[in-house]
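Asker: Starting from these lines, generate the structure:
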Amino acid sequence: DQEQEHNQQAHNQQAQNQQDQLESSNSFESDEFQHVDTHDQLNNNEEDDQFLLPLRSFGLRSRGKKNKELESLDYDTCENKIYVEKLQDSSEENQRERKALLRKEDILQWILFFLVGITTAMVAFFIDFVVHHLINWKFSNLVDSVNHCKDHGCLALSLLYFILFDVGFVSIAAFLTMLAPVAAGSGIPEIKCYLNGIKLPKVTDFKTMLAKVVGVLFSVSGGMFVGKEGPMIHSGAIIGAGITQGKSSNKWINTNFFTLFRNDRAKRDFVSGGAAAGVAAAFGAPLGGVLFSLEEGCSFWNQSLTWRTLFCTMSSAFMLNFLASGINLHKWGQLEAPSLVNFGQFSDEEGHLWNVVDLGVFVVMGALGGLLGALFNHLNKKLTIYRKKHVTTKWKKFAEVILISMVATIVVFLFSMTLGECRELTPEDQQEEFAKSARSFFCDGENQYNDMATLAFNPQEIAIKTLFHLDGKFSLRSLGIYFLMYFFIACWTYGIAIPSGLFVPCLVTGASFGRLVGTAVRIWWPHYSKTRLGTYALIGAASFLGGVVRMTISLTVILIESTNEIALGLPLMVTLMVAKLVGDLFNEGLYDIHIHLRHIPLLEWEPPEEMKPHDAKDIMSEHPVCFYGVEKVAHAIEILRSNKHNGFPIVKNFSAIMQNNEKSERCGKFRGIILRSQILVLLLERCFGERRLTGVNALRLRQEDFVSHYPLQVGLEEIVSSITPEDMELYLDFQPYMALCPYVVWKETTVSKCFNLFRTMGLRHLVVVERDNAEVVGI
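Answerer: Predicted coordinates:
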């Protein structure tokens, strides 16, 4: 169209009219900005919740303010003119190059997924190795101190040692989190948002991973009621984002390796593979890792990504097994340590795993787990809201961590010393591994142990394994107290400023709940139940964890792979399904709650019911900022300075309409869309020149030139500082670089269809046009 307009300049009057139109486009900006400020982008809300104003006018539900620091990721391929020309080049040389490039890309993807898997396993093993030695060092000193002081009346000194150990370790984790705040928590909500198209600041930075990995060593070793599995998943995602780009975001590293994957879409695939590898390393569950990324992460998935992600998780599980078997067990090549969280082998040699009648008990346990999970989530939500209001500075967050560490340490110590029951070790127990972890605090007999201290004065993994595999070793009172202690302190702990996982604390809490139920069933119906108590503990762990996080498919497979018992598949699936159904009656999963509390606009799987009767015109932002195909440099810079939008429709001409008896401008016929990052690259590469009849006489970039600037690390003002006043009078030609066929909808399109387009295709912008003349009416 632009070329046709230039060809018509042979007639003087038409040339004069076109010049007038050009001048009006350059002066249009001052009027345009008076009414286009409602262009909805995630980071351009000067008033609270501006994006949701159209929703409120139609009675639609909102989730509160949006986070102004957020951006979207560009998962949609930009099919512009230079991209299409490359595809349509039918020369033999180009076709040969394309085939070679596709083969190279495919081979590199397999190699990189393998590297991501083994690197994630190495990091996970490092975390587990250091945590294991730190915890053993701490407990060996504490047990010796308690055994000495119980006879000499210096237990206060033992408690002081305990507090110094825990607070000292936790202080290191809290300090590292002060340096990298994104490292706090498990990282799973952040990765879930990233995989669904939301760019959170520094969530995949190397600094974040360093603080995460080192911090979780000391938060777990410091006795906090947290796990290391969630941080492993986050670390795997960062590895996937890092080693596959061949450059760092801070300009320290910039190589020519892996330039094929320097785009948001390819990076997303590697992040999903890294997250899945983290699950595989933590639980020895490669299939569960794939399903975790699919269920919790990606809104867009394909068959080739499934196959590569499975290869990544298998590589991770193999490397972890290889390292753990060689270094921990001194059996190189034997592969006898499949995961970091060792649930042990379930067996029906002494009692049955489960029977048909037990399935009814498991359903009830699933319902109770859903109720307990909903209560856990509700309490943690209230705590998180309180923290957001009152615990706002870094030092207040640091002080909160120290307070919780001290309280947890004192409670564990006092409960272990005063509330445990002494029980006899049988000759069989003395032959088992259980005898090594049994604690005999304040027990008079030589072959006695304190059941509460045995659970509390051991690593969480040993407590889980003990609850899963040892029958009749704990009293109802000790199990009940231990369950309540873990429930409330873990709820208080999750969300504080240290790297912390949620899986293992929930498994410990649920396992003690399950053992409590199983023990009660044996006492009340002694002639009925021959089912092992370990089965009840596993079902209780699944029900509570499912009630908290509301995962179903992936969690079922993870627990089956971790226990290596396919016979438990049906009860696990039924329990998790019931826990989710009951929990969903009251609130959402804890990860989703924290996402919403941070005002992250993550789209759910399905559109809300109240949106379905409405159309695109009800929720779109009207009067979007638009560009012509050719614009003055000064005009483009002023628009970029005046707003922070990241996508601009390209139109043929602006048209005048009458609104409230006043003449106003609106966008013309839709031609394409261009991203802010593309305009910045054009300015950075000085792709502007004089306007002529045949177009703009300027440098034309290739696709590779845009890739070389990914991710763009230069700001607008830094670019503008190198542009002279003479350059400001030159022109930018957006036509070769704008997306020629982006997704658009009519203004009558239902909101449900718009929602599904965004969710399934990973869109960042969706332009709304008139049905009759393709005129842009909103975005």
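Asker: what's the offset of the longest helix along the chain from the middle of its chain?
Answerer: Using DSSP state H to define each element, the chain has its longest helix at helix 92-152. Helix 92-152 sits 18 Å away from the centroid of its parent chain (CA atoms, centre = their mean, to the nearest Å).
Asker: One more: stretch 754-767?
Answerer: Relative to the centre of its chain, stretch 754-767 is centred 20 Å away, using CA atoms, centre = their mean.
Asker: what does it contact?
Answerer: Residues outside stretch 754-767 that contact it (CB atoms under 8 Å, 6 or more residues apart in numbering) are 72-76, 196-197, 265, 268, 299-300, 603, 605, 607, 611, 616, 619, 624, 646-647, 649, 670, 673, 742-745, 776, 778-779. All C-beta spots, glycine's among them, are computed from the backbone N, C-alpha and C.
Asker: Pull out the buried residues from it.
Answerer: Neighbour counts over stretch 754-767 (16 or more other CB atoms under 10 Å) mark 754-755, 757-759, 762-767 as buried.
Asker: on that earlier part again, name only those of the contacts of stretch 754-767 that count as buried.
Answerer: With neighbours counted using 16+ other CB under 10 Å, these contain these buried positions: 72-76, 196-197, 268, 299-300, 607, 611, 616, 619, 624, 646-647, 649, 670, 673, 742, 744-745, 776, 778-779.
Asker: so what's the residue most central in space within the chain scoring on pLDDT?
Answerer: Nearest to the geometric centre of the chain sits Ile191, at 1.6 Å (CA atoms, centre = their mean). For Ile191, the pLDDT comes out at 91.
Asker: Now do the same contact list for it.
Answerer: Going by CB under 8 Å, 6+ apart, Ile191 touches 203, 233-234, 237, 271, 275, 297.
Asker: likewise Leu602?
Answerer: Shown in contact with Leu602 (CB under 8 Å, 6+ apart): 192-193, 196, 198, 592, 595-596.
Asker: coming back round to it: excluding chain neighbours, what is closest to the residue nearest to the centre of the chain?
Answerer: Nearest residue to Ile191, sequence neighbours excluded (CB to CB, 6 or more residues apart in numbering): Ala237, at 4.7 Å.
Asker: Tell me, how many residues neighbour that neighbour?
Answerer: Counted by other CB atoms under 10 Å, the residues lying close to Ala237 total 33.
Asker: Please name the residues that touch it.
Answerer: Neighbouring residues of Ala237 by CB under 8 Å, 6+ apart: 187, 191, 194, 204, 271-272, 274-275, 278.
Asker: and what of Leu699?
Answerer: 685-687, 689.
Asker: Kindly confirm my reading that it is in a strand.
Answerer: No: the assignment for Leu699 by DSSP: H, G, I helix; E, B strand; the rest coil gives coil, which leaves it out of any strand.
Asker: among the contacts of Ile191, which ones are buried?
Answerer: Buried, going by 16+ other CB under 10 Å: 203, 233-234, 237, 271, 275, 297, out of these.
Asker: is it possible to export these to JSON lines including distance to Leu323?
Answerer: Listed next are these as JSON lines, based on distance: CB to CB, whole Å:
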{"residue": "Val203", "distance to Leu323": "27"}
{"residue": "Ile233", "distance to Leu323": "18"}
{"residue": "His234", "distance to Leu323": "20"}
{"residue": "Ala237", "distance to Leu323": "21"}
{"residue": "Val271", "distance to Leu323": "23"}
{"residue": "Ala275", "distance to Leu323": "20"}
{"residue": "Gly297", "distance to Leu323": "26"}
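Asker: Looking at those residues, which are in helices?
Answerer: Judged by DSSP H, those include 233-234, 237, 271, 275 as members of helices.
Asker: coming back round to it: just the buried residues out of the contacts of Leu699, in ChimeraX syntax.
Answerer: The ChimeraX command for the buried members of those (criterion: 16+ other CB under 10 Å) is given here:
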select :685,687,689
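Asker: dump the residue contacts of the closest residue to Leu640 other than its chain neighbours.
Answerer: Leaving aside its chain neighbours, Leu640 sits nearest to Leu716 (5.5 Å; criterion: CB to CB, 6+ apart). Neighbouring residues of Leu716 by CB under 8 Å, 6+ apart: 637, 640-641, 680.
Asker: And for Val508?
Answerer: 460, 463-464, 467, 486, 490, 541.
Asker: swap in Ile464?
Answerer: Going by CB under 8 Å, 6+ apart, Ile464 touches 341, 343, 504, 507-508, 511, 541.
Asker: Go again with 10 Å.
Answerer: Counting by CB atoms under 10 Å, 6 or more residues apart in numbering, Ile464 makes contact with 341-344, 455, 458, 504, 507-508, 510-512, 537-538, 541.
Asker: do the same with Thr531
Answerer: Thr531 makes contacts with 348, 351-355, 357-358, 361-362, 518, 521-522, 539, as judged by CB under 10 Å, 6+ apart.
Asker: Restricted to buried residues, select the residues you listed in PyMOL.
Answerer: Selection command for PyMOL covering only the buried members of the contacts of Thr531, criterion 16+ other CB under 10 Å:
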select buried, resi 353+354+358+361+362+518+521+522+539
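Asker: Which of the contacts of Thr531 scores worst on pLDDT?
Answerer: For the contacts of Thr531, the pLDDT minimum is Asp348, 54.
Asker: hmm, back to that, please list the members of the contacts of stretch 754-767 that lie in helices.
Answerer: 265, 268, 616, 619.
Asker: Find me the pLDDT at the residue nearest to Leu640, would you?
Answerer: With respect to pLDDT, Leu716 scores 91.
Asker: Then the one 5 residues further on?
Answerer: Model confidence at Ser721, given as pLDDT, is 92.
Asker: now Gly344
Answerer: At Gly344, the pLDDT value in this model is 73.
Asker: Pull the contacting residues for it.
Answerer: Applying CB under 10 Å, 6+ apart, one finds that Gly344 lies in contact with 433, 464-466, 468-470, 534, 562-564.
Asker: now, which of the contacts of stretch 754-767 lie within strands?
Answerer: The strands, defined by DSSP state E, take in 72, 647, 649, 670, 673, 744-745, 776, 778 from those.
Asker: what about the stretch 501-650 of the chain, any weak spots by pLDDT?
Answerer: Scanning the stretch 501-650 of the chain for pLDDT under 70 picks out 527-529.
Asker: In it, what residue spans correspond to strands?
Answerer: 630-632, 647-651 (DSSP state E, counting those that start in this stretch).
Asker: Let me see the contact set for the spatially closest residue to Val170 that is not a sequence neighbour.
Answerer: In space, and not counting its chain neighbours, Val170 is closest to Gly222: 3.8 Å by CB to CB, 6+ apart. Counting by CB under 10 Å, 6+ apart, Gly222 touches 134-135, 138, 165-174, 401, 405, 408-409, 498.
Asker: what do you get if the cut-off is 6 Å, keeping everything else the same?
Answerer: Taking CB atoms under 6 Å, 6 or more residues apart in numbering as the contact definition, Gly222 lies against 166, 169-170.
Asker: how about the contacts of Leu716, which pair is most distant?
Answerer: Arg641 and Leu680 (11.9 Å; CB to CB).
Asker: more neighbours, the two?
Answerer: Per other CB under 10 Å, whichever of Arg641 and Leu680 has more neighbours is Leu680, with 19 against 11.
Asker: Does that one fall in a helix, a strand, or a coil region?
Answerer: helix.
Asker: Could you check the pLDDT of it?
Answerer: pLDDT, Leu680: 94.
Asker: Next: Met452.
Answerer: Taking Met452 on its own, its pLDDT is 90.
Asker: pretty sure it belongs to a helix, no?
Answerer: Yes: following the definition three-state DSSP, Met452 is counted among the residues of a helix.
Asker: Spit out the contact partners of the residue nearest to it when sequence neighbours are not counted.
Answerer: Leaving aside its sequence neighbours, Met452 sits nearest to Gly420 (CB to CB, 6+ apart; 3.1 Å). When contacts are counted by CB under 6 Å, 6+ apart, Gly420 is found next to 450-453, 478.
Asker: can you do 10 Å?
Answerer: 439, 441-443, 449-457, 474-475, 477-478, 481-482.
Asker: Inside helices: which ones of the residues you listed?
Answerer: If you go by DSSP H, these have 451-456, 477-478, 481-482 in helices.
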